[in-house]
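Asker: Please find the sequence and the predicted model below.
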Amino acid sequence: MTKPVLTYPEPILRKKTSPVEKITEEIFELVDTMVETMAAEDGVGLAANQVGSAHRVFVINTAPGDEKVDPVVCINPVVLQQEGEIVDEEGCLSFPGLYLTINRPTKVRVYARNLYNEGFVLELSGLLARAAMHEVDHLNGVLFIDRAAADDQSKVEKYCEDAARNTEVVRDR
Ligand code: CO
């Protein structure tokens, strides 16, 4: 089952998520929904709060651009190490149409648990390192607009004003 991806300024996107204590049926269902939603939206990654859940879980697609998604599920992720930096264009399913140039590490090592409660270390570089850092930010209530370069500030302000205005219109109905 897919779920609509929540968009800015939905308040849950600003909430820090809570660690998963026990991998229950609810977590299996959440991960299922997240993987299907990520695939349907053609995203490289998705965080639980983007589909309305407060659990510390993200998924990334390690085969972006391929026909079949190759998802990795990261429960209670911790960034162990980051290396280098690179500025590149980045988008977010919670900000349709907004692309910003963001500085991210070129390589990261992330520790997480899988659905069988086994710990593993994920070593990622390039686009996937970027995606993992973006999703860890989401789980901390941090959004890519918070990391926008000075040159992109006016673009961010305009986008956020428009998004806030459109939300008011919806609420007024
Ligand atoms: Co995002």
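Answerer: Okay, I see it. Residues are numbered from 1 along each chain as shown.

Asker: and the most centrally placed residue in the chain, how far is that from residue 95?
Answerer: Residue closest to the average C-alpha location in the chain (C-alpha atoms, centre = their mean): residue 135, at 3.2 Å. With the distance defined as C-beta to C-beta, to the nearest Å, residue 135 ends up 14 Å from residue 95. C-beta here means a position set from N, CA and C on the backbone, and glycine is covered the same way.

Asker: got it, and residue 114?
Answerer: Here the criterion is C-beta to C-beta. By it, residue 114 lies 29 Å from residue 95.

Asker: So these two - more neighbours on which side?
Answerer: Taking neighbours as other C-beta atoms under 10 Å, residue 114 and residue 95 compare with residue 95 leading, 20 against 14.

Asker: was I right about that one contacting residue 159?
Answerer: Yes: Residue 95 lies in contact with residue 159 (C-beta atoms under 8 Å); the separation is 6.9 Å.

Asker: isn't the residue nearest to the centre of the chain right up against residue 56?
Answerer: No: taking contacts as C-beta under 8 Å, residue 135 lies outside contact range of residue 56: 10.5 Å.

Asker: coming back round to it: hey, what's in contact with both of residue 95 and residue 159?
Answerer: residue 145 (C-beta atoms under 8 Å, 6 or more residues apart in numbering).

Asker: I'd like the next helix or strand past the lengthiest strand in the chain.
Answerer: In the chain, taking DSSP state E as the definition, the longest strand is strand 71-83. Per DSSP states H and E, the first helix or strand lying C-terminal to strand 71-83 is strand 86-90.

Asker: Quick one: list the elements packing against that following strand.
Answerer: Here strand 86-90 is seen to pack against strand 100-104, helix 126-139 when contacts are counted using 3 or more C-beta pairs under 8 Å, 6 or more residues apart in numbering; DSSP states H and E.
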